[in-house]
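[1] Provide a 3D model corresponding to the input given below.
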Amino acid sequence: MTEMQKIGFGGGCHWCTEAVFQAIKGVCLVEQGFIASNGKNHSFSEGVIVHYDPKTISLYLLVEIHLNTHKSTSAHSMREKYRSAVYYYSSSQKKLVVDILNELNKKFDTNLVTEPLVMKCFKKSPEHFQNYYNSDPERPFCRTYIKPKLDTVATNFSSSAEINSKNTF
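    I've put the predicted structure just below:
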């Protein structure tokens, strides 16, 4: 049996981020909520914790999907609420995340604003916000903001990441 690993992601709305990672095979659980790190990033920002099977999906591919499903090169005014980050749990995971971000930065026309940050604290969203997209994909917010991100995953990553059949695109 493979030992599950976990990583945190922040960047856009946690409803969107949750739905993106729920659509990926090898992701076993997505916890949606608010994440805090250290220093200037000590305030809570929307994010998710992704529990995944590294034998089914790589951390590299998870990070690549994350960077392509939110504005990872934009330092817009809402960055405090929607911090663009990959939250790591250990020094070895930090090194891996830094290497991945450096490698993936070469694939973008503008430099990434996404930061590797230590996971310090997580507060789960209220129950009625959990599983937001899958509970009612016809909500206007879901159709307007989440569905295009799921379409991006299906179009750009279907050859490298298996998509869960429970998500309809």
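[2] Next, the buried residues of the longest helix belonging to the chain.
    Identified as the longest helix of the chain according to DSSP state H is helix 91-105. Buried residues in helix 91-105, counting neighbours by 16 or more other C-beta atoms under 10 Å, are found at Gln93, Lys94, Leu96, Val97, Ile100, Leu101, Leu104. Just so you know, the C-beta spots here come from the backbone N, C-alpha and C atoms, and that holds for glycine as well.
[3] average pLDDT across it?
    Across helix 91-105, the average pLDDT comes to 98.
[4] State the pLDDT value of the closest residue to Ser45 other than its chain neighbours.
    With sequence-adjacent residues excluded and distances taken as C-beta to C-beta, 6 or more residues apart in numbering, Ser45 is closest to Arg83, at 3.8 Å. You'll see Arg83 listed with a pLDDT of 95.
[5] Please apply the same query to Met119.
    On the pLDDT scale, Met119 gets 98.
[6] State the distance from it to Glu138.
    From Met119 across to Glu138, the span is 34 Å (C-beta to C-beta, to the nearest Å).
[7] And the two? Which one has more around it.
    With neighbours defined as other C-beta atoms under 10 Å, Met119 and Glu138 compare such that Met119 has more, 21 against 7.
[8] Near the nearest residue to the more buried one once chain neighbours are set aside, how many other residues are there?
    Nearest non-adjacent residue to Met119, counting by C-beta to C-beta, 6+ apart: Tyr87, 4.1 Å away. If you count neighbours by other C-beta under 10 Å, Tyr87 ends up with 29.
[9] Next up, the contacts around Tyr87.
    Neighbour list for Tyr87: Ile7, Gly8, Phe9, Gly10, Ile35, Ser37, Gly47, Ile49, Leu117, Val118, Met119 [criterion: C-beta atoms under 8 Å, 6 or more residues apart in numbering].
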